[in-house]
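# Structural data only, the sequence is not supplied:
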């Protein structure tokens, strides 16, 4: 199983960015998917998740109403659209796959760095 995240970069506060995560080696449409982030100071924290069907999504309170998670099962890709970015959103963002749909993420991508300048 491989998860390849991309789309990170340096942006200014208030800008938007879309992260992508392409998965291979798994039955993509059967897996729950999530995005997490990690700063230099903090432990890895949950950002957003989407169920296998895309019918339900979940967000951390800190990103709710600014970030949108979506998936395209035909492309084996999950996305994270980030709007109104803030300096505190600066982190390495990871995508992860939940094969048992139980909230336990067993497969992780390598991360993509998002830096938001204020």
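Great, that's in hand. In this text, all values refer to a predicted model and were calculated from it rather than measured experimentally.

# Just grab the bridge partners of residue 4 for me.
residue 22 (DSSP bridges).

# Which parts of the chain are strands?
Shown for the chain, the strands assigned by DSSP state E span residues 2-6, 9-12, 17-24, 32-38, 45-50, 57-59, 67-72, 77-82, 91-98, 107-108, 112-117.

# So which elements touch the last one?
Secondary structure elements in contact with strand 112-117, counted by 3 or more Cβ pairs under 8 Å, 6 or more residues apart in numbering; DSSP states H and E, are strand 9-12, strand 17-24, strand 91-98. C-beta coordinates here come from the backbone N, C-alpha and C atoms, glycine included.

# Could you say which of those is packed most deeply?
Of all the helices and strands packed on strand 112-117, strand 91-98 has the most neighbours on average by mean count of other Cβ atoms under 10 Å, namely a mean of 23.

# Show me what that one is packed against.
strand 2-6, strand 17-24, strand 32-38, strand 77-82, strand 107-108, strand 112-117.

# will you turn these into JSON lines that also has mean pLDDT and distance to residue 70?
As requested, the helices and strands packed on strand 91-98 are arranged in JSON lines below (pLDDT from 0 to 100; distance: least, Cβ to Cβ, whole Å):
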{"stretch": "strand 2-6", "mean pLDDT": "97", "distance to residue 70": "15"}
{"stretch": "strand 17-24", "mean pLDDT": "97", "distance to residue 70": "10"}
{"stretch": "strand 32-38", "mean pLDDT": "97", "distance to residue 70": "10"}
{"stretch": "strand 77-82", "mean pLDDT": "98", "distance to residue 70": "5"}
{"stretch": "strand 107-108", "mean pLDDT": "96", "distance to residue 70": "19"}
{"stretch": "strand 112-117", "mean pLDDT": "98", "distance to residue 70": "17"}
